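Chemist: Starting from these lines, generate the structure:
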Amino acid sequence: QLQLVESGGGLVQPGGSLRLSCAASDPLDYYVIGWVRQAPGKEQEGVSCISISDGHTYYTGSAEGRFTISADNAKNTVYLQMSGLRPEDTAVYHCAVGGVYGSTCLYDYWGQGIQVTVSS
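Modeler: Residues are numbered from 1 along each chain as shown. As a prediction, this is how the structure comes out:
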């Protein structure tokens, strides 16, 4: 399976932006790569995913219009550009590998994660 390493997290003020990166150990090929997050005391939540084979992207309601997922196949890297960040976006974000079922991204495994904190 792919090895995934996340980077780009940190502390940002409300309304700010961050770009998360997910570097994979092998070519992305036909994988579906996405991001999930988990806030303290809450269940894991899907954020967005991209189907590498056709470039289709999927977003959950809270990410729609604020976050953009993209892939650079030459670098085996998937990005999550986050804008208009809110305190409720604070969570550990994990890069994940899975599939798309209908319009829902479901995941088989994920990386160790990276902290994103939105606070003034």
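Chemist: only C-alpha atoms for contact and neighbour calcs from this point on.
Modeler: Fine.
Chemist: any idea which residue sits dead centre in this structure?
Modeler: What sits nearest the mean C-alpha location of the chain, by Cα atoms, centre = their mean, is W35, with 2.6 Å.
Chemist: in the strand ranked longest in the chain, what counts as buried?
Modeler: Longest strand in the chain by number of residues (criterion: DSSP state E): strand 91-101. Neighbour-count burial for strand 91-101, counted by 16 or more other Cα atoms under 10 Å, picks out A91, V92, Y93, H94, C95, A96, V97, G98, G99, V100.
Chemist: again, but for stretch 106-118
Modeler: Buried positions in stretch 106-118, judged by neighbour count with 16+ other Cα under 10 Å: L106, Y107, W110, G111, G113, I114, Q115, V116, T117, V118.
Chemist: just checking, what packs against the longest strand of the chain?
Modeler: strand 4-7, strand 32-38, strand 104-110, strand 114-118 (3 or more Cα pairs under 8 Å, 6 or more residues apart in numbering; DSSP states H and E).
Chemist: Pull out the buried residues from stretch 7-25.
Modeler: S7, G9, V12, P14, S17, L18, R19, L20, S21, C22, A23, A24.
Chemist: Which of those fall in strands?
Modeler: Counting by DSSP E, the buried residues of stretch 7-25 contribute S7, V12, L18, R19, L20, S21, C22, A23, A24 to strands.
Chemist: picking that back up, tell me the one among the buried residues of strand 91-101 nearest to G84.
Modeler: Compare each of the buried residues of strand 91-101 with G84 using Cα to Cα and the shortest gap goes to A91, at 15.2 Å.
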